[in-house]
Every structure is written in structure tokens, then in C-alpha cells.
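J.: Here is the input, now give the coordinates:
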Amino acid sequence: MDVTLKSCRTRLAQIVLFSMASAAYAQTPAPESRLEYLSVDQINQRMARNELSAVALVRHLQQRIEALDKQGPAINAVIELNPDAVAIAQSLDQERRAGHVRGPLHGVPVLLKDNIDTADQMQTSAGSLAMVGQPAAQDAFIVQRLRAAGAVILGKTNLSEWANFRDAGIPDGWSGRGGQTRNPHVLSATPCGSSSGSAAAVAAGFAPLTVGTETTGSIICPASLNGIVGLKPTVGLLSRTGIIPVNLHVDTPGPMTRTVREAALLLNSMTGNDAAEPIKKPRAISAVDYTQLLRPDALVGRRIGFPLKFDTGGEAAQSDPQFSRALEVMQAAGATLIPVQLNDPVSERMDEAFAMGFKRHLPEYLAARAGLPVQSLEDLLQYNKQTPGAGAYGQAILSAANDIEFDVGVYNGLWRKIQRENAAAIDSLLVAHQLDALVMDVGSPGLNAIALAGYPSIMVPSGMDEEGVPTSVLFFGTRWSDARLLALAHGYEQASEARQIPAFRP
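T.: Numbers count the residues shown, from 1 in each chain. Below you'll find the predicted structure:
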């Protein structure tokens, strides 16, 4: 992991800020009993007993964001707060008093990654100054679903600019509009990206629920290093309409939460049949309740594949003892563990495949947005050149996408081959060993295969390393196995109880 050492002066300043933040919370109750760390179920219970209102919760979280995101340790996870959040909460409290509760997300605050459209006063910019202008005219499909479920859209979270598709030299969690997001566990550690702000925000207690997006690793990596649950669904399970695209073959939004159950609740609220979504779900998937299989004994009798290198108990076990411990927990909870070897297929012309996708899909998105400084990829390049911003970072990835010649036949052919090869690498192991799912540490090959196949995965905390940075275990499987993976992850989570509250260490 990339833990950057700061200068003595900077480090001293961090220690002072950390001490101030610690003092502010030194006399407060245990984290799990404070408002900012209540689960969705606990929020519902308190609201049902008239012990908590949506307005009180929203105001509390706004104050916490001001104290810890903008000041104190300055996590910088929230790029913008929704000025309408309190009014929305008031309306939802009135509904509850009238006896109308829409569901488990009624009055629950949610933060959205700043590449997800909201038709309100907030921007949708992918962290780019070039995209600041007139707000989106329509909510993204998943935002429509969240509002219908009674969620309070609290604000937008920072991200790696353009979802890590601007330049390879840009740090994870940095955007021209939002600056640098920090890891709330160890402020000098990378938050990973691109859904850095969504992960850091939910870990730090800025909202019980956040939504991120992933193309390759942008949910699961920040979930891992910020010590939260991150679900990257099967591509197409959730609508991508109204989300700034990178590549629709692999893009997906997904829940980023503190528990597996909350990920399932958030997933339930965002699913739905969007006529504009190019990937059509099997009819049976549309009726799934993703909380239904969540039981403490979900691992009993399940066959789970794990990386062969951990079977020997040698160097791999020493370098990642938390993952070895996670395997022991799964086995003690009733799972049968099978050592397997998963390798990332060597997919040729990968950069070309991604560049062609961005060149095709970004103009389609921009055509639906009025009142922005840019209306094309060429406009974006010129804007960045003339307005380099505080970081003055390059834009080599954007330039490569602009320069590439798009050919629809070549493009579709490349992605058919890429997805076929990567899906086969996973499915062959599942079939050959009669597995229910596979698990992986973040250092093993195969992470790219999951994303490129469009397959689901869920990251769950497994502990902390010696530097105080969270560790994790990734559950993954074949297409549309999201419900099963959530169940297995929940079983492990209940047995391990490994998640920890951030300490805001320098």
C-alpha cells in the first residue's frame, strides 16, 4: 500500500489537528451508540419510537462534516452538501407522522459520488472544473429510485477526477474541483480511488450510506483501504442512466456502506427496470430481495475457493495475516475451503478498448447536459489546458481517447473477446471445483478479471495492518450471483466482527 511520509512540519500539523478532533469526541459515547454510526436498522427503530427525526439526523451529520471533513483532520470526502437536505428531511418527517413510511430508507441520509446526476441545486462534475455549470436536468435512474424510497440526498462525494480517467499521474482521491480526499484511518495513507470520497465519508461517519461507481476497482479498492463494505454489482443490475460514463461494458454504480445488510438494503432501493439501460436483466433477478438470504449461518456447507498461495502457510500468510485469519473464520463458520489458482487473462489492446469506449460514450452524456463550459471531448482538453487548476496535472488518458480512431466493429469485437476470456477464467474454476463463490486478498491476481468480466464482487473488512490501515477480503462469483455473495459476505462479517471505527491518525 502507498503510505506517503510527510515532512516533519506537515506531520506536526496533522498531529495537532488529530488531537483537536480527538478532544472534541473524547467524552462522547462509544461509536456504535452515536448518531453518526447508527445502522439503518437502528435509525429506523429510533424514528419509529419518535426518538429521532430525519431533520435531527441530517443536521447532526452536516455538523460532523463541517467539524471533521472541512476542519480538524480535514478528510475532504464531501465535495458539496445539498442545500435542500433539511427541507427534504422535514417533508419525510411529516409523512412519517402521518403514518406513511416508504420503507427502510425513509428519512435516511445518502451521499452520492459526484458523477451521478441529481436534478437539484448541486453540480454533477466528475470532480472536473470543466463540468461546473448548470445542474443536470434529470435525476439519474438510481437517484429517482432513492428519492422514491424516501432517502435524503445529503450531498456529493469527491472522487479521483473523471473516475481515474484523466491522467495516470493524478493521485487517488484528487480532483480539480474537490482537492485531495484523505483516509480517515491513517490520514497519510492513500484512500484509493476512484470512489475515494464515498468510502472515506461512510467510514468517517458522515452518512450511513453512500453510492460509488466502478469501472475497474473503483468501489472495491477504496472500500478495502477505508475499512468498509463495497459492493460492485453485476454490470447491468443497476441502471447507468444519468451517470457520467467511462465504458458501459464495465461501468456500474454500487453501494458503499458499513455493513453487508446496509449494502443489501441500498441495493434493493436502487434496482428497477430502466428502459434506457442497454443490459437487460433476467426476469427472475428483477424480483430479488437482497436481504432475504442474510443469515449468520450462510457459510455452512458452502464451498469457497481461495488463492493457492495461502494454502502453504508460507510467505503469503506472513504478508497478509488478516486474510489468513479470515480463511480460518470462514472455515470455523462451516465453509469448505478449496485452494485454486486464478490468473488475469492477458487481454490485448486493453487501453485501446477503454479509450474507444470513452470517446463513444462521453459525447452521448454531454449531449444531455446543457449550460456546461464543455460540450465535447475536444472542448474538455482545451479547457484543462487553459485552466490547469491547483494541481496542474496532465491529461494523457483523456488525450489518448480523443486521438484514437473509433470503429464500432473493432470496439465491440475487442470487448466481446475481453469479457469472454475473463468470464471463462472465473467460471472454469467455479465449475471445476463445484464452488459457490471465490474469495481473494487484494494482492493476488484476478482482481482485473472480475471487473472485465462484468461479474459481481463485495469487499468486507478483515482487520487492520501494522500501520493501522484496514485490510479486507473480497467475495466474488459469476454473473447475477449478487444475492449469494451478499449472503456469504454477511456470514463472514457476523463471524469475524472485523470492522473498526477510524481513529483519524496522522
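
J.: Roughly how far does the closest residue to I404 other than its chain neighbours sit from E421?
T.: Of all residues not flanking I404 in the chain, A355 sits nearest, at 4.6 Å (CB to CB, 6 or more residues apart in numbering). Every residue, glycine included, has its C-beta placed from N, CA and C. Distance of A355 to E421, computed by CB to CB, to the nearest Å: 19 Å.

J.: which of those two has more neighbours?
T.: More crowded of A355 and E421, by other CB atoms under 10 Å: A355, with 23 against 17.

J.: what about that one, helix or strand, and which?
T.: helix 350-366 (DSSP states H and E).

J.: outside of the very next helix or strand once past that helix, which residues touch it?
T.: Of the helices and strands lying after helix 350-366 in sequence (DSSP H and E), the nearest is helix 377-386. Here helix 377-386 makes contact (CB atoms under 8 Å, 6 or more residues apart in numbering) with 128-130, 166, 358-359, 362-363, 373-374, 395, 398-399, 401-402.

J.: biggest separation within the residues you listed, which pair?
T.: Across the contacts of helix 377-386, the longest distance by CB to CB is 21.3 Å; it joins L129 and K359.

J.: surely E36 meets F206?
T.: Yes: if you go by CB atoms under 8 Å, E36 and F206 touch, sitting 7.4 Å apart.

J.: Comparing these two, which residue is more hemmed in?
T.: F206 (28 against 20).

J.: How about that one: what's its closest non-neighbour residue?
T.: I65 (5.1 Å).

J.: May I have the residues that are in contact with that neighbour?
T.: V78, L81, G155, F206.

J.: ok, so of the residues you listed, who is nearest P321?
T.: The shortest separation between P321 and any of the contacts of I65 is 30.6 Å, and it belongs to F206 (by CB to CB).

J.: State the distance from the residue of the chain most remote from its centre to H106.
T.: Going by CA atoms, centre = their mean, the residue of the chain most distant from its centre is A98, 34.7 Å out. In this view, A98 and H106 are 12 Å apart by CB to CB.

J.: and if you look at P470?
T.: Distance, P470 to H106, by CB to CB: 31 Å.

J.: What is the burial count for A119?
T.: If you count neighbours by other CB under 10 Å, A119 ends up with 16.

J.: pretty sure it is in a strand, no?
T.: No: read with DSSP: H, G, I helix; E, B strand; the rest coil, A119 is coil and lies in no strand.

J.: and it, backbone torsions?
T.: With angles defined as degrees, to the nearest 10, A119 sits at phi -90, psi 70.

J.: Looks like it contacts Q134 (just checking).
T.: No: the criterion here is CB under 8 Å, and A119 misses it with Q134 at 10.8 Å.

J.: returning to what we had before: report the buried residues of the helix holding A355.
T.: 352-362, 365-366 (16 or more other CB atoms under 10 Å).

J.: One more: stretch 447-464?
T.: 447, 449-464.

J.: any idea where the strands of the stretch 301-450 of the chain begin and end?
T.: Using DSSP state E, counting those that start in this stretch, the strands found in the stretch 301-450 of the chain span residues 303-307, 336-340, 437-440.

J.: Neighbouring strands - and their directions - for the first one?
T.: Read that as strand 303-307. Strand 303-307 has the following sheet partners, assigned by DSSP bridges: strand 336-340 (parallel), strand 437-440 (parallel).

J.: So what would you say the end-to-end distance of stretch 174-181 is?
T.: 6 Å (CA to CA, to the nearest Å).

J.: Okay, buried residues for the longest helix seen in the chain please.
T.: Taking DSSP state H as the criterion, the chain has its longest helix at helix 408-432. Within helix 408-432, the residues scored as buried using 16+ other CB under 10 Å are Y411, L414, W415, I418, Q419, E421, N422, A423, A425, I426, L429, L430.

J.: my guess is the fourth one meets E352, correct?
T.: No: taking contacts as CB under 8 Å, I418 lies outside contact range of E352: 10.6 Å.

J.: secondary structure class for the residue nearest to F206?
T.: Relying on three-state DSSP, one would call I65 helix.

J.: and it, how far is that from E328?
T.: In this structure, I65 and E328 are 38 Å apart, going by CB to CB.

J.: now swap in R499 and tell me
T.: Remark: distance between R499 and E328 (CB to CB) = 18 Å.

J.: show me where pLDDT drops low in the stretch 201-350 of the chain?
T.: 313 (pLDDT under 70).

J.: That one: helices as residue ranges?
T.: With DSSP state H, counting those that start in this stretch applied, the stretch 201-350 of the chain shows helices at 220-226, 260-270, 315-319, 321-332, 350-366, listed in chain order.

J.: and what of the stretch 401-506 of the chain?
T.: 408-432, 447-453, 482-496.

J.: Same list (those helices) but as a markdown table, adding mean pLDDT and distance to P282.
T.: As requested, the helices of the stretch 401-506 of the chain are exported to a markdown table (pLDDT from 0 to 100; distance: least, CB to CB, whole Å):
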| stretch | mean pLDDT | distance to P282 |
| --- | --- | --- |
| helix 408-432 | 97 | 16 |
| helix 447-453 | 96 | 17 |
| helix 482-496 | 98 | 12 |
